[in-house]
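Predicted model and sequence below, questions to follow.
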Amino acid sequence: MKELTHLDSRGNVNMVDVSDKKATIRVAEAKSEIILTPETLELIENNKTAKGNVLETARITGIMGAKKTSELIPLCHPLKINKISIDFKINKDLSSISIFCKVTAEDKTGVEMEALTGASLASLAIYDMCKAYDKKMIIKNTMLISKTGGKSGDFFQSEDEQG
């Protein structure tokens, strides 16, 4: 079992020292999903909500949130992020929207938390913009899909594992 890097030898919370690590290209992609009523999904698709364009608002929310991850998660390092993208996949059969956040940085530590934060906040923005129409929305399946770069190596989750 790997040691917990955010605890020191006495069990105290500790920000990991990355000063001896070499900066490399780090990429991570995360996903979150929101289930809505078919009526709410139709409002979003047709840009008919009272608050405006739901997906574009969610996109900017996810990007802004990913950039602020180190301010939200106390032990995350501030990173030199090169790119953040937020994409959506609408599934009418499941009445859902999958949110994908991909983050790229050249730094000494990974960008998994930034990708997870971006996907999570984008789903929360959809919820916020549609809560007047749909109280039964469910946010679920927030997960890391892939990461490349760094000492721990690459990680990829198959579509079957994503649920």
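Yep, that arrived. Numbering: from 1, shown residues only.

Can you show me the strands along the chain?
Shown for the chain, the strands assigned by DSSP state E span residues 24-35, 81-91, 96-107, 138-148, 155-156.

how about those strands in CSV, adding mean pLDDT?
Formatted as CSV, those follow (pLDDT from 0 to 100):
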stretch, mean pLDDT
strand 24-35, 97
strand 81-91, 98
strand 96-107, 97
strand 138-148, 96
strand 155-156, 91
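
what's the closest of those to Leu7?
strand 138-148 (21.4 Å; Cβ to Cβ). Every residue, glycine included, has its C-beta placed from N, CA and C.

what packs against that closest one?
For strand 138-148, the contact count by 3 or more Cβ pairs under 8 Å, 6 or more residues apart in numbering; DSSP states H and E identifies strand 24-35, helix 112-130, strand 155-156, helix 159-162 as packing neighbours.

Out of the ones you listed, indicate the one that is most buried.
Highest mean neighbour count among the helices and strands packed on strand 138-148 (mean count of other Cβ atoms under 10 Å): helix 112-130, with a mean of 24.

And it, what does it pack against?
strand 24-35, helix 38-45, helix 54-67, helix 69-72, strand 81-91, strand 96-107, strand 138-148.

Can you lay out these as CSV showing distance to Val16?
Shown next, in CSV, are those (distance: least, Cβ to Cβ, whole Å):
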stretch, distance to Val16
strand 24-35, 14
helix 38-45, 40
helix 54-67, 20
helix 69-72, 13
strand 81-91, 18
strand 96-107, 13
strand 138-148, 16
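
Out of these, which is closest to Val13?
helix 69-72 (15.2 Å).

So which bits of the closest one are buried?
Within helix 69-72, the residues scored as buried using 16 or more other Cβ atoms under 10 Å are Thr69.
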